[in-house]
Structure formats: C-alpha cells, structure tokens
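K.L.:
Got a predicted structure plus its sequence, pasted below:
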Amino acid sequence: MVVWMLVLAGSVATPSVAAVALYRGGLATGLPPRRSAAVAVTVGAVWGAWVGTSAALAANDVYHDPDAVVPWLGVAALAALIAALLAARIPALGRILAASGATPRPAWPHAVRVLGVLFLIAMVQGTLPAVFALPAGLGDMAIGVAAIVLARRWNRRRAVWFNVFGLLDLVVAVTLGLLGGLATHPILPVSPSTAAMSLLPLALIPTTVVPLDAALHVLSLARLRRATRSAAVPVPAVGS
C-alpha cells in the first residue's frame, strides 16, 4: 500500500509541479495570467491523461506479456519522451521554456524524486532486487534533494551539473532495470528480478515519470547551453 501511494503521488506530483513551473514561467515572460494558466492546465491534463492510459495498459498486463513481440514498456516510455520533447516546439511552450532556462523553475519537478525511497521500500518487501533498487532509490533521492537546494541557490554551473547527474541517474536506473529482468533476456542473475517494474503500480514510473524527468533534463541543458552561448557573444562597441 505504501509503494502504491508513493508511486501515485510521484506520477501526479511531477506533472503538476511542472505545470506550476510553466504557469510561473508564463507570467515571467509577460503572458497574461489566463493564457499562462491555459498552457499549464493543458500540459498537466494531457500528461495526466497519459498517466491514466498507461495505468490502464499496465492493468491489462500489456507491459508484462512474455509472449509479446514488441516490448511495449519500452515503446511507451520512448513515445512519452519523444512527445515531451516535441511539445517544447509548440510556440507558447517554447517561449516559456526559453525564458525559464536561466532560472531554477525547470528543477522544481525533480524535487518530487525524493519519493525514490519507494524503491528501497519495494526492496525490503522483496519486490525489487537490491542491485537495482539501491542505485535507483538513492540516486533519485539525492537528485530530489539537489533540486530543492538548486531552487534556493541557483547558478548556471550548478544547474548544468545537476541536469547532467540527474540524467545519468535515470540512464543507470533504466540500464539496471533492463539488465535485471525487463529485457527479453535478462543478463543479471538477480532474484527477485526487476519484472515488477512492468506491473502496477511501479510500471507508471518508467512510462510516465522517467520520460518527463528525462525530457526536462534534456530541455534544460539545451536552454542552458544556448544561454551560455548568448552570454559569450561580444557586444560590439558603439561607433565601431
């Protein structure tokens, strides 16, 4: 029950905090409050609909079918990641994200990753192997705490390292998950396997939370890089 509650909290809180950050970002760019709210609510609602859809798919064992030719868990995660990255090309969203690149707002949703303690609880309950749960749980918790610190003491260099390590944490967790039982032919001989990550409630993490977190890291790094380049361009002297 505790794991269920934490997974649901993370699946709802991550897009919700992202929506709040978008709203605040919209106001900062000069968008009217109503337009900013419309953007934020739309993003939150669309992602919330995906969370519900993914939960329904997991409830019907779509992600956990050993006879399936297509690895639907991976397809769902990749599709969600691509959708999140493409959404940044929408003019209103792009404008907000561009203005938010040099602020702590993109880090806000990552604070929810302190709920990574759920991996440790699942390990103690015998649902997940330690080789996966320890790095995934401790890594997420560390990034969640770092996000809170970054939100209070932001600077560009810290933001870059935060996003690099945050993305690396996700890559390590996904890799260990695949090696431990999510892939067709598990490589790590662990017991229990990581197959529980393809079942409810844990399936919501790789299909909804991880793609959104990964997209936020990638978009933040891209914006920070552009901001750094812009700051490095010399301003021509008057009269030259």
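P.N.:
Received the coordinates, thanks.
K.L.:
Can you list the buried residues in stretch 143-159?
P.N.:
143-144, 146-147, 150-151, 159 (16 or more other C-beta atoms under 10 Å). C-beta: built from backbone N, CA, C; applies to glycine.
K.L.:
which of those sit farthest apart?
P.N.:
The two members of these with the most space between them (C-beta to C-beta) are 144 and 159, at 15.6 Å.
K.L.:
tally of neighbours for residue 191?
P.N.:
Close neighbours of residue 191, defined as other C-beta atoms under 10 Å, add up to 8.
K.L.:
And it, how far from residue 1?
P.N.:
From residue 191 across to residue 1, the span is 24 Å (C-beta to C-beta, to the nearest Å).
K.L.:
How about residue 155?
P.N.:
Counting by C-beta to C-beta - residue 155 and residue 1 are separated by 41 Å.
K.L.:
now the chain, which segments are flagged as low pLDDT?
P.N.:
Applying pLDDT under 70 to the chain flags the ranges 100-102, 184, 228-240.
K.L.:
Report the central residue of it.
P.N.:
With distances taken as C-alpha atoms, centre = their mean, residue 213 lies nearest the centre of the chain, 1.3 Å away.
K.L.:
doesn't residue 170 make contact with it?
P.N.:
Yes. Between residue 213 and residue 170 there is a contact under C-beta atoms under 8 Å: 6.2 Å.
K.L.:
Do a quick rundown of the helices in the chain.
P.N.:
2-28, 33-59, 72-87, 91-100, 117-124, 130-152, 156-177, 204, 210-232 (DSSP state H).
K.L.:
Go through the ones you listed and pick out the most buried.
P.N.:
helix 204 (a mean of 22; mean count of other C-beta atoms under 10 Å).
K.L.:
Residues in contact with it: which ones?
P.N.:
Residues outside helix 204 that contact it (C-beta atoms under 8 Å, 6 or more residues apart in numbering): 7-8, 10-11, 51, 54-55, 58.
K.L.:
Apply 10 Å and report the result again.
P.N.:
Here helix 204 makes contact (C-beta atoms under 10 Å, 6 or more residues apart in numbering) with 4, 7-8, 10-12, 51-52, 54-55, 58, 197, 210.
K.L.:
ditto for stretch 181-193
P.N.:
63-64, 66, 68-69, 71, 73-74, 122-123, 125-132, 174-180, 194-198, 206.
K.L.:
how far does it stretch from start to finish?
P.N.:
5 Å (C-alpha to C-alpha, to the nearest Å).
K.L.:
Could you list which residues are in contact with the residue nearest to the centre of the chain?
P.N.:
Contacts of residue 213 by C-beta under 10 Å, 6+ apart are 10, 14, 18, 81, 84, 109-110, 112-113, 140, 143, 166-167, 169-170, 205.
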